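Asks: Predicted model follows, preceded by the sequence.
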Amino acid sequence: MISRLSVLRDFTVDRRVWMLTAVATFIGAGAALLAVFLLRAIAFATNVFYYHRLSLAMVGPAGSNLPRLLMIAVPVVGGLLVGLMAYYGSDKIRGHGIPEAIEAILLRGARVEPRVALLKPISAAIAIGSGGPFGAEGPIIMTGGAFGSLVAQWLRLSDAERTTLLVAGAAAGMSATFASPVAAILLAVELLLFEWRPRSLVPVAAASVVAAALRIVLLGAGPIFPVTLPANFPVGRALVVACPLGMTIGLVAAGLSRLMYACEDAFEHIGGKLHIHWAWWPAIGGIGVGVGGFFFPRGLGVGYDNIAELLRGNAPAYLLIGIIAAKSLMWAFALSSGTSGGVLAPLLMIGAALGESAAQLAHLPVQAQALWALLGMGAMLAGALGVPLTAILFSLELTHAMPALLPLIPACVGAYLVTSLLMPRSILTEKLARRGHHLSREYGVDPLETVYVADVMRDLPEADEICTGTAEELPEVFAYSDETCRSVAEQMAVSGVATLPVIDRQTGKPCGSIGLIELLAGRRRAIRRESHRSRAMNPAAESEAATASSHT
C-alpha cells in the first residue's frame, strides 16, 4: 500500500535536503574558483589581443596603443575563434549563457555536457577579451551551472535534485562575480528554479553564501561600484520621477530586445540566402564590433569602468551618447551573431547612461545624477530580464547605496510593468520561444492545493455497507477526505487510476469517491476568482455563492 502523510504540511521537504546542502557548499566553492578563473582569463585574453603581452592585469581595450584600423580586425579574429570552437566543440557555447542554463533545466533534465563546462569560459574569455561588448556574468552563470550539473550527474541524483545543484552553481557564479549573494539567490528563484521550495532554496542559498565568502578572499569585498549617498539624502524628487523614469527605460528595454532579435533574424535570413554557415557569424559580428570600436573605443569589452564612472555622476556627454548609441548597436549586433557573451553588464551600462542623461538634462547636481544613473541601471535590468526583485537587490548590493532603496522600487516595478505589457517574453526567454519552447514564469499556489477532497467528492450513502473493515483492509490506492485535491491528483498520476475511493481518516470507512471531474472543481474556483466581478456587500453570501459554484 502506498504510504500516506499523516499531517498536511506547509512545505514538502525531506532529509535529503541536508545532503544537497552539503554538496551545494562544495559546488559554491568550485563555482567561485571558476568565476575567478574566467575573470582572469578575460584579462589575459585582453592583454594578448590588445597589448601583445602575457599578463593578468585588469585592463580595457580602450587603453591600447594599437592603430585604430588594426583594432577593427581584433574582434573579427576573436569571433572566428569562437565560431570554430562552437563548430568543432559544442554549439551549446553560443549565446548569452542564461537561456542555455534554462534550456538545460527544462529540456535536458539539468544535464550539461562536460565539454560545455570547459569550452564556455574559454570561448567567453576569447570573445570578451577580443573586444566583445558583453558581460562576463552570463558565461559565468552557465559555467557554474555546468559544474553543479556535472557533480549531480556523478552522484546519480534525480532530475529535481540535479536542477537544484545546477542552479546552485549558477547562483554561486553570479555571487562570486558581483559580490551579490542575495541577488544571486533571487535571480535563481525568479529565472531558473521555477519554484520556491525549501528543498531547492536552502542549497542554493548555501552555495551563494560560500561563493560570496570566497570572493572576499580571492577578489576583495564589495561593493563593486560604490555610490555614496548620505543617510539624509533628499530622495523626494527622485521618488516623484522614479516610476516615470522606470517606465521610460522599460520602453527602451523592450526596444533593445526587439533590436537584438531583429539582428538575429537578419543573420538567419541573410546567412540562409548566401549559404553562410553559422560558424562564420561570430566573425561577421566581430566586424560590427570593430567598426563600432573604431568610433567609440570605450564600447569594447565588459566596460565595468564605464559603469563606475556613470555612477559617480557628471559623466561626459560623449560617454553617455556613445553608450546609448554605439554600445547598444555593437552589443545587439554582436550577440545576435551567436558568439559567447552575457547581457547583464551591457544592460546595466545602458540603463545607467539613460538615467544620468535624464538627470543632466534636468540640470541636477552630481549626487542626484549618480542616483538617477542607479535608478536607470536597476530599471533596465528589471524590464529587460523581467526580474524586478532581483534588480532592486542587485542594484543595492552593487553600490551599497541604501538610501536609494525607496525610489528603486517604483523605478524597477514601473519598467517591469511596461515590458510585461509590451513584450510577450523577456530578452532571455525569447530565445527559448524561438526554439519552440513556451515558458510561463508566473508563480502561484496550485488551485487544487486550496480545495479539500471532502469539498468536492461524490457522497456514498451506502458507505457503511461497502466496507466496515480496519485500515489494514483498505484498498491499495485511495484518498483521505481531509487531503487536498493536489495530493489526490498526484496519486492518480502515479497509479494510473482515474477514480479513487475516499476514506474517512478517523473511522477508516469509505465515505465517497473522487474522480477527474471532481478535481476540476479547484480549477473552476480559480477561474471564477479571475473572471467573476461583483460588489460583495455581504461577504457571507459571497462565500456561499463561491462554495456553490465549486460544486456545479
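Replies: Cool, the structure landed.
Asks: Next one: the closest residue to Thr429 other than its chain neighbours from Leu157, what distance?
Replies: Nearest residue to Thr429 in three dimensions, chain neighbours excluded: Leu439, at 5.0 Å (CB to CB, 6 or more residues apart in numbering). Placement of C-beta: from N, CA and C, glycine included. Leu439 is 23 Å from Leu157, where distance means CB to CB, to the nearest Å.
Asks: Among these two, which residue is more densely surrounded?
Replies: Leu157 (19 against 16; other CB atoms under 10 Å).
Asks: Contact partners for the nearest residue to that one once chain neighbours are set aside?
Replies: Sequence neighbours aside, Leu165 is the residue nearest to Leu157 in space, at 7.1 Å (criterion: CB to CB, 6+ apart). Residues counted as contacts of Leu165 (CB atoms under 8 Å, 6 or more residues apart in numbering) are 20, 23-24, 27, 110, 148-149, 151-152, 157, 203.
Asks: run the last query once more with 7 Å
Replies: 20, 23-24, 27, 148-149, 151-152, 203 (CB atoms under 7 Å, 6 or more residues apart in numbering).
Asks: what's stretch 56-69 in contact with?
Replies: Here stretch 56-69 makes contact (CB under 7 Å, 6+ apart) with 40, 43-44, 46-47, 50-51, 71, 131, 293-294, 297-298, 300-301, 305.
Asks: hmm, which two among the residues you listed are most spread apart?
Replies: Using CB to CB, the contacts of stretch 56-69 reach their maximum pairwise distance at Arg40 and Phe294, which is 28.0 Å.
Asks: which residue is nearest the middle of this structure?
Replies: Residue closest to the mean C-alpha point of the chain, counted by CA atoms, centre = their mean, is Leu191 at 3.1 Å.
Asks: shouldn't that one be in contact with Val387?
Replies: Yes: in this structure, Leu191 is within contact of Val387 by CB atoms under 7 Å, at 5.9 Å.
Asks: so what's Ile216 closest to, chain neighbours aside?
Replies: Using CB to CB, 6+ apart and skipping the chain neighbours, the partner closest in space to Ile216 is Ala179 (7.7 Å).
Asks: How about Asp446?
Replies: Arg486 (5.3 Å).
Asks: What separation do you get for Val309 and Gly386?
Replies: Quick fix: residue 309 is Glu, not Val. 28 Å.
Asks: If you count surrounding residues, which of those two has more?
Replies: Ranked by neighbour count (other CB under 10 Å), Glu309 and Gly386 place Gly386 first, with 23 against 19.
Asks: my guess is that one contacts Ser426, does it?
Replies: Yes: in this structure, Gly386 is within contact of Ser426 by CB under 7 Å, at 4.0 Å.
Asks: The residue nearest to Asp446 is in what secondary structure piece?
Replies: Element membership of Arg486, judged by DSSP states H and E, is helix 485-495.
Asks: that older thread, who wins for neighbours among the contacts of Leu165?
Replies: Ranked by the number of neighbours (other CB under 10 Å), the contacts of Leu165 place Gly148 first, at 36 neighbours.
Asks: Low-confidence bits of the stretch 151-300 of the chain, can you list those?
Replies: Along the stretch 151-300 of the chain, no part satisfies pLDDT under 70.
Asks: Give me the neighbour count for Leu66.
Replies: 16.
Asks: Am I right that it is in a strand?
Replies: No: looking at Leu66 with DSSP: H, G, I helix; E, B strand; the rest coil, it is coil, so not inside a strand.
Asks: Buried subset of the contacts of stretch 56-69 as a ChimeraX selection?
Replies: A single ChimeraX command selects the buried members of these (16 or more other CB atoms under 10 Å):
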select :43,44,46,47,50,51,71,131,293,297,298,300,301,305
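Asks: which one among the contacts of stretch 56-69 gets closest to Ala325?
Replies: Distance to Ala325 across the contacts of stretch 56-69 (CB to CB) is lowest for Arg298, with 12.4 Å.
Asks: Now do the contacts for the closest one.
Replies: Arg298 is in contact with 62, 306, 319, 322, counting by CB under 7 Å, 6+ apart.
Asks: What separation do you get for the third one and Arg312?
Replies: In this view, Leu319 and Arg312 are 11 Å apart by CB to CB.
Asks: Same question for the first one.
Replies: Shown here: Ala62 relative to Arg312, a distance of 17 Å by CB to CB.
Asks: Could you do the last one as well?
Replies: Relative to Arg312, Gly322 is positioned 17 Å away (CB to CB).
Asks: The two: which is more packed in?
Replies: The neighbour comparison of Gly322 against Arg312 (other CB under 10 Å) goes to Gly322, with 21 against 18.
Asks: and the more buried one, what are its phi and psi?
Replies: Phi and psi for Gly322, reported as degrees, to the nearest 10, are phi -60, psi -40.
Asks: Could I get the pLDDT score of it?
Replies: On the pLDDT scale, Gly322 is placed at 95.
Asks: quick one: secondary structure of the nearest residue to Arg94 once chain neighbours are set aside?
Replies: Spatial nearest neighbour of Arg94, chain neighbours left out: Gly338 (4.3 Å); criterion: CB to CB, 6+ apart. Per three-state DSSP, the secondary structure class of Gly338 is coil.
Asks: So that it lines up with my notes, have the first residue be 333 from now on.
Replies: Got it, the first residue is 333 from now on, which makes the last one we talked about Gly670.
Asks: From Leu489, how far out is Gly670?
Replies: 32 Å.
Asks: want to try JSON lines for the contacts of Leu497, with secondary structure as columns?
Replies: Compiled in JSON lines, these are given as follows (three-state DSSP):
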{"residue": "Leu352", "secondary structure": "helix"}
{"residue": "Val355", "secondary structure": "helix"}
{"residue": "Ala356", "secondary structure": "helix"}
{"residue": "Ile359", "secondary structure": "helix"}
{"residue": "Gly480", "secondary structure": "helix"}
{"residue": "Ser481", "secondary structure": "helix"}
{"residue": "Val483", "secondary structure": "helix"}
{"residue": "Ala484", "secondary structure": "helix"}
{"residue": "Pro535", "secondary structure": "helix"}
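Asks: Among these, pick out the one closest to Gly604, please.
Replies: Nearest to Gly604 out of the contacts of Leu497 is Ser481 (CB to CB; 32.8 Å).
Asks: May I have the residues that are in contact with the closest one?
Replies: Contact analysis of Ser481 by CB under 7 Å, 6+ apart lists 436, 442-444, 494, 497-498.
Asks: Tell me the spacing between the nearest residue to Ala649 once chain neighbours are set aside and Gly645.
Replies: Spatial nearest neighbour of Ala649, excluding adjacent residues (CB to CB, 6+ apart): Gln692 at 7.8 Å. For Gln692, the distance to Gly645 equals 9 Å [CB to CB].
Asks: name the element Val834 belongs to?
Replies: Assigned by DSSP H and E, Val834 falls in strand 831-835.
Asks: In the helix or strand just after that strand, which residues are buried?
Replies: Using DSSP H and E, the next helix or strand after strand 831-835 towards the C-terminus is strand 842-847. By neighbour count on 16+ other CB under 10 Å, the buried set for strand 842-847 is 842-847.
Asks: How about stretch 483-500?
Replies: Residues of stretch 483-500 classed as buried: 483-485, 489, 493-500 (neighbour count, 16+ other CB under 10 Å).
Asks: Also stretch 696-713?
Replies: 696, 699-713.
Asks: Figure out how far that stretch is from the centre of its chain.
Replies: 23 Å (CA atoms, centre = their mean, to the nearest Å).
Asks: CA atoms only: put that stretch into CSV for me.
Replies: Taking Å, rounded to 0.1, in the frame of the first residue of the first chain, the C-alpha atoms of stretch 696-713 are listed here in CSV:
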residue,chain,number,x,y,z
LEU,A,696,20.6,68.1,-11.3
PRO,A,697,23.7,68.1,-9.0
VAL,A,698,26.3,65.4,-9.2
GLN,A,699,24.9,63.2,-6.4
ALA,A,700,21.4,63.3,-7.9
GLN,A,701,22.9,62.3,-11.3
ALA,A,702,24.5,59.3,-9.6
LEU,A,703,21.2,58.4,-8.0
TRP,A,704,19.3,58.6,-11.3
ALA,A,705,22.0,56.5,-13.0
LEU,A,706,21.5,53.9,-10.3
LEU,A,707,17.7,54.0,-10.9
GLY,A,708,18.2,53.6,-14.6
MET,A,709,20.5,50.7,-14.1
GLY,A,710,18.0,48.8,-11.9
ALA,A,711,15.1,49.7,-14.1
MET,A,712,16.8,48.4,-17.3
LEU,A,713,17.6,45.1,-15.6
